[in-house]
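Engineer: attaching a predicted model along with its sequence, questions to come.
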Amino acid sequence: MNTALAERRGRLVQKFGALQLDSLLVTHPADWYYLTGFTGDSGALVVSRRGTTLITDGRFIGQAKAETTGIAVAQQKGSLFESTGEFLAGSKARSTGFEATQVSVSQYQALRKAAGRGCKWKPVAGPVASLRMQKDARELVAMRRAAILAGRVMEDAIPLLKAGVREFEVAAEIEYQMRKRGASGPAFETIVAFGERAALPHARPTAKRLKKNEFVVLDLGVILAHYCSDITRTFYYGKAPERVRQWYKAVQDAQVAAIAAVKNGVLCGDVDAAARQVLEGQGLGKYFVHSTGHGLGLEVHEDPRIARGQKKRLEAGNVVTIEPGIYIDGVGGIRIEDDVAVHADRIEVLTRISRDLIEI
Ligand code: GLY
Ligand code: MN
């Protein structure tokens, strides 16, 4: 039996009293992986005080049995949600929680119909996500490795930045290098934005070719041993004009201020404010159009959110990105992003490469 995973399920069940549940339906693959180790992408996990059952289809039965311990694995008959409803009807569950943001209306209807009147359904918000925020020592080892690999891929992408290269060529090479070095893939679609396109915070790589005197924003992350990294660097292809240097310094100062604000117990909204105040002080606040960061782990965007007014407090075990940026239509954009782990009495920046402006 994998005791770490059994402990996670135990911690989840401890929340059932306050949530007035006697079982929880887990329908999100990252959540069931966290609780059981199952890496298949179709299934439904029922966690109850009496035990845990994974319901999946014939393609995944052997895999589920090989990957999990201490849980029952059952093969669905008919549709997944009908089978899950029937399983719950046959169990002693009276009050079953489900993630309101994960279950579709038609899935909910199938569950209710198959489970019958005896089963009460309760929408819940993120009981597994809140466990996942607290990374344990083993998860942190994986996240350090993912962050270091992302940094290496970033550094090795710099020589690709030559006049005439297309954004999608750079993105393709970056993602090839990730896989070649052991990543199971990119944590999200790699962002490569040249020139004015750097003003799009989530630019998708296009056929645009790099020209002299343009911004280059590279935002990339790997999935390595299931864990994600997320790093952004902004380069200048040519000698950066003075105003670009000033903008870059403002974003860098904003990032330094936000990283300095990160600590066990701080309000997430205060970390966001630390970055925002620096940019506002430079008259650049209106160009900072997104939040300062987000949690990172099995998925690239997790809780907690480092955003304006967030009342959640950072805790030891959280891993978050700190990524202030400015985006000026018709001109370009600058973002600097690193991954930071919160420990009880210190922080640890997991992404280790230089944050200074690099002119190529
Ligand atoms: N680096 C991609 C994102 O945070 O959305
Ligand atoms: Mn990010």
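Structural biologist: Done, it's in. Ligands and ions are numbered 1, 2, ... in the order given.
Engineer: show me the contacts for F215.
Structural biologist: Applying Cβ atoms under 8 Å, 6 or more residues apart in numbering to F215 gives the contacts 193-195, 198, 234-237, 244, 332-334. Every residue, glycine included, has its C-beta placed from N, CA and C.
Engineer: show me where pLDDT drops low in the chain?
Structural biologist: Within the chain, not a single segment meets pLDDT under 70.
Engineer: what about whichever residue of the stretch 51-200 of the chain sits closest to ligand 2, how many residues nearby?
Structural biologist: Residue nearest to ligand 2 within the stretch 51-200 of the chain: F188 (8.0 Å; Cβ to the ion). As a burial measure, F188 scores 16 neighbours (other Cβ atoms under 10 Å).
Engineer: was I right to think it contacts T232?
Structural biologist: No - using Cβ atoms under 8 Å as the test, F188 is too far from T232 to be in contact (11.4 Å).
Engineer: not counting sequence-adjacent ones, nearest residue to the residue of the stretch 51-200 of the chain closest to ligand 2?
Structural biologist: V300 (4.9 Å; Cβ to Cβ, 6 or more residues apart in numbering).
Engineer: confirm that that neighbour sits in a helix.
Structural biologist: No - using DSSP: H, G, I helix; E, B strand; the rest coil, the assignment for V300 is coil, not a helix.
Engineer: what sits against G185?
Structural biologist: G185 is in contact with 175, 178-179, 222-223, counting by Cβ under 8 Å, 6+ apart.
Engineer: strands - which of those residues land there?
Structural biologist: Taking DSSP state E as the definition of strands, the contacts of G185 contribute 222-223.
Engineer: pretty sure A142 sits against C228.
Structural biologist: No - A142 is beyond contact range of C228, at 9.6 Å (criterion: Cβ under 8 Å).
Engineer: these two: which has the busier surroundings?
Structural biologist: Using other Cβ under 10 Å as the criterion, A142 and C228 rank with C228 on top: 28 against 18.
Engineer: phi, psi of the residue in the stretch 1-150 of the chain positioned nearest to ligand 1?
Structural biologist: Proximity of the stretch 1-150 of the chain to ligand 1 (Cβ to the nearest ligand atom) peaks at A150, 10.3 Å away. Main-chain dihedrals, A150, degrees, to the nearest 10: phi -60, psi -40.
Engineer: how about the nearest residue to it, chain neighbours excluded?
Structural biologist: The shortest distance from A150 to any non-neighbouring residue, by Cβ to Cβ, 6+ apart, is to S229 (4.0 Å).
Engineer: show me what from the stretch 201-350 of the chain comes close to ligand 2.
Structural biologist: 230, 321 (Cβ under 5 Å from the ion).
Engineer: repeat that with 6 Å
Structural biologist: Neighbours of ligand 2 within the stretch 201-350 of the chain, by Cβ under 6 Å from the ion: 230, 294, 321, 323, 337.
Engineer: and those residues near ligand 1, which?
Structural biologist: The subset of these within reach of ligand 1, by Cβ under 6 Å from any ligand atom, is D230.
Engineer: residues in contact with the residue of the stretch 51-200 of the chain closest to ligand 2?
Structural biologist: 221, 230, 300.
Engineer: strands of the stretch 151-300 of the chain, residue ranges please.
Structural biologist: Along the stretch 151-300 of the chain, counting by DSSP state E, counting those that start in this stretch, strands occupy 185-186, 191-194, 214-220, 222-224, 227-228, 231-237, 293-295.
Engineer: quick check, nearest of the residues of the stretch 201-350 of the chain next to ligand 2 to G10?
Structural biologist: H294 (27.7 Å; Cβ to Cβ).
Engineer: how much space separates the residue nearest to the spatial centre of the chain from G85?
Structural biologist: What sits nearest the mean C-alpha location of the chain, by Cα atoms, centre = their mean, is V300, with 1.9 Å. Distance from V300 to G85, counting by Cβ to Cβ, to the nearest Å: 32 Å.
Engineer: likewise for S184?
Structural biologist: 33 Å.
Engineer: looking at the two, which is more packed in?
Structural biologist: Between S184 and G85, G85 has the larger neighbour count (other Cβ under 10 Å), namely 26 against 13.
Engineer: which residues touch the more buried one?
Structural biologist: The contact partners of G85, by Cβ under 8 Å, 6+ apart, come to 110-116, 119.
Engineer: now a ChimeraX select for only the buried ones of those.
Structural biologist: In ChimeraX, this line selects whichever of the contacts of G85 come out buried by 16 or more other Cβ atoms under 10 Å:
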select :110,111,114,115,119
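Engineer: among the contacts of G85, which ones are in helices?
Structural biologist: 110-115 (DSSP state H).
Engineer: got those as CSV, with distance to G70 columns?
Structural biologist: Formatted as CSV, the ones in helices among the contacts of G85 follow (distance: Cβ to Cβ, whole Å):
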residue, distance to G70
A110, 28
L111, 25
R112, 29
K113, 31
A114, 26
A115, 25
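Engineer: quick one: which of those is nearest to K312?
Structural biologist: Nearest member of the ones in helices among the contacts of G85 to K312, counting by Cβ to Cβ, is L111, at 30.3 Å.
Engineer: leaving out sequence neighbours, find the closest residue to the closest one.
Structural biologist: G85 (4.4 Å).
Engineer: can you check T56 too?
Structural biologist: Distance criterion Cβ to Cβ, 6+ apart; nearest residue to T56, sequence neighbours excluded, is G43 at 3.7 Å.
Engineer: could you do Y227 as well?
Structural biologist: A142 (4.1 Å).
Engineer: ditto for K239
Structural biologist: E359 (5.8 Å).
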